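Undergrad: Attaching a predicted model along with its sequence, questions to come.
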Amino acid sequence: MALFSKLLAILVATAYIVIALMAGVGWDVWVLLVYLALPMACILFSDEMGDYSGMLMQGGPMTRTPGCIVALGGLFLLLFPAGLYVYNALHGAN
């Protein structure tokens, strides 16, 4: 199941990039690539990201976050732009 979800995330991210390139938005593709970096890292490397506790010893989480929670957060961030698009399409916002 984990491999399937990672492949699906790659497919969704690729679809975002292809749609942006076909729409001819230019430099906004770079903004999209920067935006996709965090959700894709959270999904593809969820266990490693869950082990990360920060560079400083003060503040921040000091315990491990389960990989499934990190991946779920990455999935939310990955699907957020599509959700906004659907919301705007349904409610007639420009």
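TA: Yep, it's here. Model, not experiment: these values are computed from the prediction.

Undergrad: what does the lengthiest helix in the chain rub up against?
TA: Taking DSSP state H as the criterion, the chain has its longest helix at helix 67-91. The contact list for helix 67-91, computed with C-beta atoms under 8 Å, 6 or more residues apart in numbering, reads 5, 9, 12-13, 16, 35-36, 38-43, 46-47, 49-50, 93-94. Yep, even glycine has a C-beta here, placed from its N, CA and C like the rest.

Undergrad: rerun at 10 Å
TA: 2, 5-6, 8-9, 12-13, 15-16, 19, 32, 35-36, 38-52, 64-66, 93-94 (C-beta atoms under 10 Å, 6 or more residues apart in numbering).

Undergrad: Same check on stretch 19-39?
TA: 9, 12-14, 16-17, 40, 49, 71, 73-82, 85.

Undergrad: What of stretch 45-52?
TA: Stretch 45-52 is contacted by residues 2, 5-6, 38, 41-43, 60-61, 63-75 when judged by C-beta under 10 Å, 6+ apart.
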